[in-house]
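Chemist: Provided below for reference: sequence and predicted model.
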Amino acid sequence: MTRHVIYPGSFDPVTLGHIDILERARRLFDRVTVVVAENGKAGLLPMAERVELFQQATAGLDNVTVRPFSGLLVDEVRHLGADAVVRGIRTSGDYEHEWSLAGVNALLSADVEYIYFLARPAMAAVSSTLVRDVIRHGGDLSRLVPAAVVRGLAGRSF
């Protein structure tokens, strides 16, 4: 049986921390579908560009698919026939947020399982919010985001 997991998020932009979570999920599941949320936090990049940058960052990973997503996560899990949802936790605040989301999602669909990866210490400080601040101020992104994102954002001002 093929084991399939969904990795949802806004990924605005995708960071090296996101890639670390994805790589860890790839080792446990046969297929990983990254679903880039249409709505979410106030961001920097339109959804189509976030999808494109994540696709570029994962080019060559044959068991990873990246696609746009809008609606309820539990509906997307059912629609894609996934076995679980994977999420990353960097801080205690992330834990509290994920706890709330999992509780509501369990009320909507009790059969969806959630798997949480703790951020590796080197990645725990890296968030899309902080990366957006670095981008807006012209800072060096090379240790924060995949090379595809560095290339994709080069020379642009926000």
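Modeler: Alright, I've got the coordinates.
Chemist: Now for R120: which residues touch it?
Modeler: D20 (C-beta atoms under 8 Å, 6 or more residues apart in numbering). Where C-beta positions appear, they are placed from N, C-alpha and C, glycine not excepted.
Chemist: Next, find the distance separating it from G17.
Modeler: 8 Å (C-beta to C-beta, to the nearest Å).
Chemist: R27 should be in a strand, yeah?
Modeler: No - counting by DSSP: H, G, I helix; E, B strand; the rest coil, R27 falls outside a strand, being helix.
Chemist: Find me the pLDDT at it, would you?
Modeler: You'll see R27 listed with a pLDDT of 94.
Chemist: Distance check, it against L118.
Modeler: 15 Å.
Chemist: How about T15?
Modeler: 16 Å.
Chemist: Compare neighbour counts for these two and give me the winner.
Modeler: Using other C-beta atoms under 10 Å as the criterion, T15 and L118 rank with T15 on top: 24 against 14.
Chemist: ok, now which ones touch the more buried one?
Modeler: Neighbours of T15 in contact, by C-beta under 8 Å, 6+ apart: 123, 126-128, 131, 144-145.
Chemist: let's see 10 Å
Modeler: 9, 21, 57, 88, 123, 126-128, 130-131, 141, 144-146, 149 (C-beta atoms under 10 Å, 6 or more residues apart in numbering).
Chemist: And for E49?
Modeler: Here E49 is in contact with 12-13, 36, 152-153 (C-beta under 10 Å, 6+ apart).
Chemist: how near is it to G155?
Modeler: 15 Å.
Chemist: Among the contacts of T15, name the buried ones.
Modeler: 9, 21, 57, 88, 123, 126-128, 131, 141, 144-146, 149 (16 or more other C-beta atoms under 10 Å).
Chemist: Identify, by residue count, the longest helix of this protein.
Modeler: helix 92-108 (DSSP state H).
Chemist: Just the buried residues of that one, please?
Modeler: For helix 92-108, using 16+ other C-beta under 10 Å, the buried residues are 94, 102, 105.
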